[in-house]
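Undergrad: how does the following fold in three dimensions:
(one chain, ligands or ions: 1)
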Amino acid sequence: MSRATLRLLDKADKEILKLPRAVKGAIYDFQHKFRQDPESPGLRFKQLKGHPRLYSARVNLDYRALLLHAGGGDYILVAVKPRQEVYDNLDKFAYQINPVTGGIEFLDLLTIEETVVLTPPVSPLSPVPPVPPMSQASPVPSAPGEEIPARPEPLFAKFSAETLLSLGVAGPLLGLIAKITTEDELLGLTAYAPQLTGEVLLALYDGKTVDEVMDQVTAPVAVEETVDADDYQAALTRPATVVTTEDTALQEVLEEGDFGRWRVFLHPAQRKIVERAYSGPARVSGGPGTGKTIVALHRVKHLVERLGPGQGKDVLLTTFNKNLAADLRRRLFDLAGQEVVKRVDIVNIDKLASGLVSATQAGSGRQWIDDTKAVIEWQGLLDELGEHRWDPEFLHDEWSQVILGQGVATRAEYFRARRAGRGRAISRQDRAEIWKLIERYVMRLDDRRLWTFRQVAERAARLAIERARAVASYQAGQVSSVKLQHESGICYRHPYRHIVVDEAQDLSAAHWRMLRAMVPEGPDDLFIAGDTHQRIYANHISLGSLGINIRGRSSKLSLSYRTTHEILRTACRLVGEDEWDDLDDGNDDLTGYRSVLRGPEPVLTPYPTWAAELDGIVERVREWGGGSIAVCVPERQMVAEVENRLGRAGIMAASIGPDGPKLIEALVHVGTMHRFKGLEYQRMILAGVAEGLLPGRRVLAFEKDDPLRFRRESQRARSLLFVAATRARDSVVISWHGAKSRFLP
Ligand SMILES: Nc1ncnc2c1ncn2[C@@H]1O[C@H](COP(=O)(O)OP(=O)(O)OP(=O)(O)O)[C@@H](O)[C@H]1O
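TA: Next up is the predicted model:
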């Protein structure tokens, strides 16, 4: 017989991971032999009685692999079980093409029933030892005269079988679902049920209506075409069939356990976004932990593979800071290997801008400063001038966002410039005054040989635009290639064929103008991942007005893979009822944002003083003992205070700098909320969440005089809190001293 393909089904790995080491080793040899020739006599490959598509094959003396035949030479590994268990339980295996999603599903009712009977631990991912199946559990006999307690109402009694099926719940599980009465039983079921069944049931259990579940959970993964219930070959190619690719090393998946799952099992909603062909710029949004970064990485791999062999760096992958860029590089390497990484420029946005500018020698001999230092310079200037009408942050934002961001070059242009999202309206007279102050400020920076990153980005945008124009003239045959001698070398094409952006919500207008000019307009040019609820720098932009038209090419992810349902619910309350933009001229919200993970409720703890709160942090860290722990605080000097207090208690702590944690192996990482962008911890303490700290006193000062600005700054403070709370995988503690922050429930 000819060679066969073998893919691993999502969730099958969870049971396989619990098998004895020797069996896992034998699976390695087995898959190799099977791919070479399934009919090889040693494999004892045979169809299982009563299951036209289900086969067994020998892994070793005692274990058999269960394989689902998808047609031709294509097989899916759905389970590995003790030999006798397979033959004794043939009626406990079921498979289908889900009529709603068109994806292949395998149901190991044996494992599911075992898990449901036991009241499992809180997390559905926790390993569960086997116990007798539900059908065999006998009711406890009651003593004579003792009242028989009423059996609780099954959780899903009010939903008809038709309703559940229309939402995509797997038919073979309906009988068991009808018996479920507790949350623990439900979590047991969702641990091994097909993904959509679990998501639908948990959403209903959490109180969503059938219509909401249809819109938010089912519709995003439903297929448009009519599903042929027997065409497994067609089903195999659909995003809803969650399997490894044919060439994935199964052994690696099995060895890495949960850590490697993002590489091989994309959620159908994620896979659709990764593989779609877009006619222009596309954007993916979604709450924290929904896998936007994972999707961006898979998208890069997809684009590089589609480009075919080549030498150059055709794809740019960029993000907000250096630390995140380093993480993207590591992950892309894990996902796609060196050959793909070689084709991708992975660099944070300011480095990309400064690289362009340095190549032209512009700004040489200058020191480049960040926003914090730039605001200090503003303060210096205003003090010298005795100017009190405008505050330094306002002027810095006005200059950065309106003037540099839009490439405004003259006073006249500034009078006409759009100030969308900048808060209070300003008069013509105000603009004239502000323009004068900005001229003074730029002169001050020049005198001091300083350059802000905002200026660098603006210069980079101008250079990229000039270069794009030159390329266009060359391509139109108007200029010879010799004339195209650019400061950074000869350019006869745009620097990149595709650009993928992560953490898009924090890029400035100048960054976007630069990126737009670095890739030719056309199919799949820009792929943008971000969440405006997590915007922690003051960059409000509208992609459309910057030449990036994402209309009709936006998608949203809503299932969090990171945080538990409980943390997510609290975090959403922190965000409040405000309106959030969608990076364009519309609004975004967190509708449908959910998690199938369960855990303890976040703890909210008041303290009388900061000293008492510091003691509380020490106690909590001691109680947790280990795992990855972080403490985040609203202000910089509090970082050192937490670090010192932990140090005095003999707990090794390290602060998080602009390039990430200074000592990765420290038990506790401590940082300001800004530093937690993109990071992930098992347990988090959010300390100092008090009025006057979050929102800070500076923000509170605007409450009366400038309500628009107050709203904007409060929104940013809320975002900080939201980002911090959603870094935690398992537990969150929020504490404060004095009056608790108005953002807390
Ligand atoms: N399909 C998947 N399978 C397994 N794990 C996943 C999957 N998608 C995402 N994850 C995991 O979920 C976590 C969050 O993913 P990711 O960082 O991509 O989310 P995000 O939306 O970019 O989050 P944030 O907005 O908070 O930065 C990561 O640990 C990631 O490995």
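Undergrad: residues of the stretch 601-745 of the chain that sit close to the ligand?
TA: Gly678, Glu680, Thr726 (C-beta under 6 Å from any ligand atom). C-beta here means a position set from N, CA and C on the backbone, and glycine is covered the same way.
Undergrad: might one say that the first one is in contact with Ala326?
TA: Looking back up the chat, that one is Gly678. No - with contacts counted by C-beta atoms under 8 Å, Gly678 stays clear of Ala326, the gap being 10.8 Å.
Undergrad: of the two, who's got more company?
TA: Using other C-beta atoms under 10 Å as the criterion, Gly678 and Ala326 rank with Gly678 on top: 20 against 15.
Undergrad: tell me which element Gly647 falls in.
TA: Gly647 belongs to helix 636-648 when assigned by DSSP states H and E.
Undergrad: summarise which helices and strands that helix is packed against.
TA: helix 610-624, strand 629-633, strand 653-657, strand 668-672 (3 or more C-beta pairs under 8 Å, 6 or more residues apart in numbering; DSSP states H and E).
Undergrad: ends of stretch 621-641, what's the gap?
TA: 15 Å (C-alpha to C-alpha, to the nearest Å).
Undergrad: what does stretch 588-606 give?
TA: Stretch 588-606: ends 33 Å apart by C-alpha to C-alpha.
Undergrad: repeat that for stretch 234-253.
TA: Stretch 234-253 end-to-end distance (C-alpha to C-alpha) = 25 Å.
Undergrad: for the record, mean pLDDT for that stretch?
TA: Averaged over stretch 234-253, pLDDT sits at 86.
Undergrad: what of stretch 270-290?
TA: 97.
Undergrad: okay, buried residues for it please.
TA: In terms of neighbour count (16 or more other C-beta atoms under 10 Å), stretch 270-290 has its buried residues at 270-274, 278, 280-290.
Undergrad: quick one: the helix holding Gly647 to chain centroid distance?
TA: Counting by C-alpha atoms, centre = their mean, to the nearest Å, helix 636-648 is centred 30 Å from the centre of its parent chain.
Undergrad: report the rounded mean pLDDT for it.
TA: 96.
Undergrad: what of stretch 558-567?
TA: Stretch 558-567 comes out at a mean pLDDT of 95.
Undergrad: anything in it near the ligand?
TA: Yes - judged by C-beta under 6 Å from any ligand atom, stretch 558-567 comes into contact with the ligand at Tyr561, Arg562.
Undergrad: from the ligand, how far out is Glu114?
TA: According to C-beta to the nearest ligand atom, to the nearest Å, Glu114 stands 24 Å off from the ligand.
Undergrad: columns secondary structure and pLDDT on top of the residues of the stretch 601-745 of the chain next to the ligand, output as JSON lines?
TA: Output for those, formatted as JSON lines (DSSP: H, G, I helix; E, B strand; the rest coil; pLDDT from 0 to 100):
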{"residue": "Gly678", "secondary structure": "coil", "pLDDT": "87"}
{"residue": "Glu680", "secondary structure": "coil", "pLDDT": "93"}
{"residue": "Thr726", "secondary structure": "coil", "pLDDT": "96"}
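Undergrad: of the residues you listed, just say which sits nearest to His533.
TA: For those, the closest approach to His533 (C-beta to C-beta) belongs to Thr726, at 9.2 Å.
Undergrad: and the nearest residue to the closest one once chain neighbours are set aside, what does it touch?
TA: Nearest non-adjacent residue to Thr726, counting by C-beta to C-beta, 6 or more residues apart in numbering: Pro288, 3.6 Å away. Residues near Pro288 by C-beta atoms under 8 Å, 6 or more residues apart in numbering: Asp531, His533, Gln534, Ser560, Arg562, Thr563, Ala571, Phe722, Val723, Thr726, Arg727.
Undergrad: out of these, which is nearest to His674?
TA: Minimum distance to His674 across those is 8.5 Å, recorded for Val723 (C-beta to C-beta).
Undergrad: neighbours of Val300, how many?
TA: 28.
Undergrad: and the one 4 residues further on, by the same measure?
TA: For Val304, the tally of surrounding residues (other C-beta under 10 Å) stands at 22.
Undergrad: the strand or helix carrying it: which residues count as buried?
TA: Using DSSP H and E, Val304 sits in helix 292-307. Residues 292-304 are the ones in helix 292-307 that count as buried (16+ other C-beta under 10 Å).
Undergrad: got it, and stretch 521-537?
TA: 524-537.
Undergrad: filter those by proximity to the ligand?
TA: Answer for the buried residues of stretch 521-537 near the ligand (C-beta under 6 Å from any ligand atom): Asp531, Gln534.
Undergrad: specify which member of the buried residues of stretch 521-537 is nearest to Ile403.
TA: Of all the buried residues of stretch 521-537, Ile403 sits closest to Tyr537, with 16.9 Å by C-beta to C-beta.
Undergrad: grab the nearest non-local neighbour of that closest one.
TA: Nearest to Tyr537 is Asp506, by C-beta to C-beta, 6+ apart, at 4.8 Å.
Undergrad: again, but for Arg428
TA: Using C-beta to C-beta, 6+ apart, the closest residue to Arg428 is Phe415 (6.6 Å).
Undergrad: quick one, grab the pLDDT at the one you found.
TA: The confidence metric pLDDT takes the value 90 at Phe415.
Undergrad: likewise Ala425?
TA: 78.
Undergrad: which of the three states applies to it?
TA: coil (DSSP: H, G, I helix; E, B strand; the rest coil).
Undergrad: ok, it to Leu382 distance?
TA: 22 Å (C-beta to C-beta, to the nearest Å).
Undergrad: look at these two and report which has more neighbours.
TA: Ranked by neighbour count (other C-beta under 10 Å), Ala425 and Leu382 place Leu382 first, with 19 against 8.
Undergrad: hang on, isn't the more buried one packed against Pro392?
TA: Yes - between Leu382 and Pro392 there is a contact under C-beta under 8 Å: 6.1 Å.
Undergrad: just checking, the residue nearest to Arg428 touches Arg431?
TA: Yes - between Phe415 and Arg431 there is a contact under C-beta under 8 Å: 5.6 Å.
Undergrad: between these two, which is the more surrounded one?
TA: Arg431 (18 against 12).
Undergrad: ok but that one is inside a helix, no?
TA: Yes - judged by three-state DSSP, Arg431 forms part of a helix.
Undergrad: residues contacting it?
TA: Tyr414, Phe415.
Undergrad: how about Leu356, secondary structure?
TA: Classified using three-state DSSP, Leu356 is helix.
Undergrad: what's the burial count for it?
TA: 24.
Undergrad: surely it and Met514 touch.
TA: Yes - using C-beta under 8 Å, Leu356 is in contact with Met514, at 7.3 Å.
Undergrad: between these two, which contacts overlap?
TA: Ala460, Ala464.
Undergrad: look up how far Leu679 lies from the residue nearest the centre of the chain.
TA: In the chain, the residue lying closest to the centroid (C-alpha atoms, centre = their mean) is Gly291, at 3.1 Å. Per C-beta to C-beta, Gly291 is found 16 Å from Leu679.
Undergrad: which strands and helices sit next to whichever strand or helix holds Val200?
TA: In this assignment (DSSP H and E), Val200 forms part of helix 195-205. In this structure, helix 195-205 packs against helix 183-192, helix 210-213, strand 594-595, with contacts taken as 3+ C-beta pairs under 8 Å, 6+ apart.
Undergrad: nearest to Phe156 among the residues of the stretch 601-745 of the chain next to the ligand?
TA: When those are compared against Phe156 (criterion: C-beta to C-beta), the nearest one is Thr726, at 29.4 Å.
Undergrad: the residue of the stretch 601-745 of the chain found nearest the ligand: what's it in contact with?
TA: Of all residues in the stretch 601-745 of the chain, Gly678 sits closest to the ligand, at 5.0 Å by C-beta to the nearest ligand atom. For Gly678, the contacting residues are Thr293, Thr319, Phe320, Asn323, Leu324, Asp327, Glu503, by C-beta under 8 Å, 6+ apart.
Undergrad: and for the last one, the neighbour number?
TA: Read it as Glu503. 26.
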